[in-house]
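**Student:** model this:
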Amino acid sequence: KNMTGGSLEGDNWVYNEAKRDGLTILTEGTLPLLLNDLLRSPGAQYTTEKFNFLTGIDPTGTVFAVSPKSPYKTLDALRKAKGLKAGASSSKGYIAVADAIMLNVLGLDGRVVTGYQGMKSVTLAVAQGEMDIVVSSEKTLARETAQGNVIPLFIIGNERSPLLPNLPTIREFGASVPQELADACKILTEDS
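**Tutor:** Below is the predicted model:
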């Protein structure tokens, strides 16, 4: 049974209906699963503390990307920009939280715009220049990069991505994480 990716449909189905017999696989990032529950994302019908049959078989990092139409491709340019827009679907979901954390970590003048119907519509808005930035999993943004929909600037974390090996880490990009935001930034890394 295949279900739509980038939504809560699969998460809810596995939690509420799948047999706990080891024969069902849910491909989902751990962080979005946890944040959707923690922040009470609309539509989440599960509690992660009872989702005790989960395991991480393929951890993934988080990437900061900009629109191909964006003139802001360096940290200095991003910091000089006014009114940046970061796209997201649910205001309480992983993408919105990741966008908000990175706007604060980088000291950017911007806001998170929510209401998009899933990640595909977020990346379409970024591709068209309607949104300036998006922060999401390296798998999602590697695919969107290959399609020309986003330009990744860095991976959030201390190690480079095997999917995007030429992509610098946040520190290699030139950003230092303020101490008061270190814990918030750490939740976006695969080693958190």
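
**Student:** which stretches of the protein have low pLDDT?
**Tutor:** Scanning the chain for pLDDT under 70 picks out 3-7, 27-31, 52-59, 190-192.

**Student:** next structured bit after the longest helix along it?
**Tutor:** Ranked by residue count and defined by DSSP state H, the top helix of the chain is helix 94-106. Once helix 94-106 ends, the next helix or strand along the chain (criterion: DSSP states H and E) is strand 110-113.

**Student:** Give me the buried stretch members for whichever strand or helix holds residue 184, please.
**Tutor:** For residue 184, the host element (DSSP H and E) is helix 182-186. Within helix 182-186, the residues that count as buried by 16 or more other CB atoms under 10 Å are 184, 185. For every residue, glycine as well, the C-beta is placed using N, CA and C.

**Student:** could you say what helices and strands that helix packs with?
**Tutor:** Applying 3 or more CB pairs under 8 Å, 6 or more residues apart in numbering; DSSP states H and E, one finds that helix 182-186 contacts helix 94-106.

**Student:** Is residue 144 in contact with residue 138, as I believe?
**Tutor:** No. Contact status for residue 144 versus residue 138: not in contact, 10.6 Å apart, counting by CB atoms under 8 Å.

**Student:** And residue 164, how far from residue 122?
**Tutor:** Between residue 164 and residue 122 the distance is 18 Å, computed by CB to CB, to the nearest Å.

**Student:** Who has more neighbours out of those two?
**Tutor:** Neighbour count, other CB atoms under 10 Å: between residue 164 and residue 122, residue 122 has more, with 30 against 20.

**Student:** For the more buried one, give its distance to residue 20.
**Tutor:** Separation of residue 122 from residue 20 (CB to CB): 32 Å.

**Student:** and what of residue 39?
**Tutor:** Residue 39 sits at a distance of 25 Å from residue 20 (criterion: CB to CB).
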